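> Just a sequence and a predicted model for now, questions to come.
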Amino acid sequence: MDLKTFIRDVPNFPIEGVIFKDITPLLCDPAAFDHAVASLEAYCRTRRPDVVVAIEARGYILAAPLALRLGAAFVPARKPGKLPWKTIREEYQLEYGVAALEMHEDAIAPGQRVVIVDDVIATGGTLRATRRLVERLGGEVVGMACLVELAFLNGRQALDGVELHAVLTY
Ligand code: AMP
């Protein structure tokens, strides 16, 4: 199955000059969605994670079924002000602007093996900030996985050697 046929390019969204990779056509097709999650699962299983950390918001859509298939905990990294308990925060650069993510300070136990999941890696800043959150809590980031890699933005260079599995590369 060619999953690229289910990814829609939306030019100049959310700002001029960005080609947004819209995954909603893939989510609308159960076979394509299943195929995408199975590809993420095949990689993540090799990393033997205790925890799947997912990045708001589209990361959750992929990571929730993934965590269930893996029998791993699901932990959300959320935009500021959304989590109700005590949080830690990391700020980072996005392809379009500055942003921050938070996690509950008790979301990960020291020594737990963590994979981080998102829909798209662009510059890698989001995954890098999430890795810092996990490591501040004592977790070990054993891998990262995303549906789409925008390889021309060299986001992998921001990951400091942590493995990244991308289902689709552009
Ligand atoms: P970055 O931190 O630059 O790797 O950006 C990755 C985050 O921004 C992910 O959470 C993506 O959902 C979102 N993102 C950045 N660029 C795009 C794009 N061209 N298409 C879709 N999502 C994007």
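Great, that's in hand. Residues are numbered from 1 along each chain as shown.
> which helices and strands sit right next to the longest helix belonging to the chain?
In the chain, with assignment by DSSP state H, the single longest helix is helix 30-47. Helices and strands touching helix 30-47, by 3 or more C-beta pairs under 8 Å, 6 or more residues apart in numbering; DSSP states H and E, are helix 24-27, helix 58-70, strand 113-121, strand 140-149, strand 164-169. From N, CA and C alone the C-beta is placed, and that goes for glycine too.
> Of these, which is nearest the ligand?
strand 113-121 (3.9 Å; C-beta to the nearest ligand atom).
> Could you report the neighbour count for I15?
I15 has 10 neighbours, counted by other C-beta atoms under 10 Å.
> what's it sitting at in phi/psi?
Note on I15: backbone dihedrals following degrees, to the nearest 10 are phi -140, psi 160.
> Read off the pLDDT value for it.
pLDDT, I15: 90.
> ok, now how distant is the one residue sitting closest to the centre of the chain from I55?
For the chain, the residue nearest the mean C-alpha position is D118 (1.8 Å; C-alpha atoms, centre = their mean). From D118 over to I55 the distance is 4 Å, taken as C-beta to C-beta, to the nearest Å.
> joint contacts of those two?
Common neighbours of D118 and I55, counting by C-beta atoms under 8 Å, 6 or more residues apart in numbering, are T126, L127, T130.
> close enough to count as contact, the second one and Q157?
Pointing back at L127 there. No. The pair L127 / Q157 is not scored as a contact, 11.5 Å apart, by C-beta atoms under 8 Å.
> more neighbours, those two?
L127 (29 against 11).
> Leaving out sequence neighbours, find the closest residue to that one.
Of all residues not flanking L127 in the chain, M144 sits nearest, at 5.5 Å (C-beta to C-beta, 6 or more residues apart in numbering).
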